[in-house]
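Novice: output the structure for:
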Amino acid sequence: MSRELREFITMLKEEMLNAKEQSEIQTLIKNKPEIYREKVEGQELGMDGIMKTKEGYTQNGKPAPQHSIDAALSRADKRMLRESPLLQERKLKFEGGNLVPDLAAYEKEAKS
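Specialist: Below is the predicted model:
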């Protein structure tokens, strides 16, 4: 990898660690692509026996407790930060609680 590219990635990482930028990037990664987000949400809700319907969230035919919904959606957020297809597409990784450039992905691309 060239020195220029390494410097660029270092600058990019510093910029991405800004709290406002990090929040915006994480929100994007947690929610895109929408089809993948829906799949992950469905899996996490299903683990607690919760279904998402037009009327809201149900569990065993009754409204699901909010704490159970919140826990499942929180798990979905965490998974998206590690599994979203956008991570690979944008050459990002989740490290130390932050999304940062994936140096290995840039190195691999530079070798190609």
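Novice: drop to CA atoms for contacts and neighbour counts, all remaining ones
Specialist: Noted.
Novice: contact partners for H67?
Specialist: When the contact criterion is C-alpha atoms under 8 Å, 6 or more residues apart in numbering, H67 has no partners at all.
Novice: quick one, grab the pLDDT at it.
Specialist: In this model, H67 is scored at 98, pLDDT.
Novice: what's the helix or strand for it?
Specialist: In this assignment (DSSP states H and E), H67 forms part of helix 66-83.
Novice: swap in K93?
Specialist: Applying DSSP H and E, one finds K93 within strand 92-95.
Novice: mind checking pLDDT for the residue nearest in space to the middle of the chain?
Specialist: Here the mean C-alpha position of the chain is nearest to the C-alpha of L81 (C-alpha atoms, centre = their mean), at a distance of 2.5 Å. L81 carries a pLDDT value of 98.
Novice: list the contacts for it?
Specialist: When contacts are counted by C-alpha under 8 Å, 6+ apart, L81 touches Q26, I29, K30, L87, F94, L99.
Novice: list phi and psi for K91.
Specialist: phi 60, psi 50 (degrees, to the nearest 10).
Novice: how near is the nearest residue to it once chain neighbours are set aside to I29?
Specialist: In this structure, K91 finds its nearest non-sequential neighbour in D102, 5.3 Å apart by C-alpha to C-alpha, 6 or more residues apart in numbering. According to C-alpha to C-alpha, to the nearest Å, D102 stands 15 Å off from I29.
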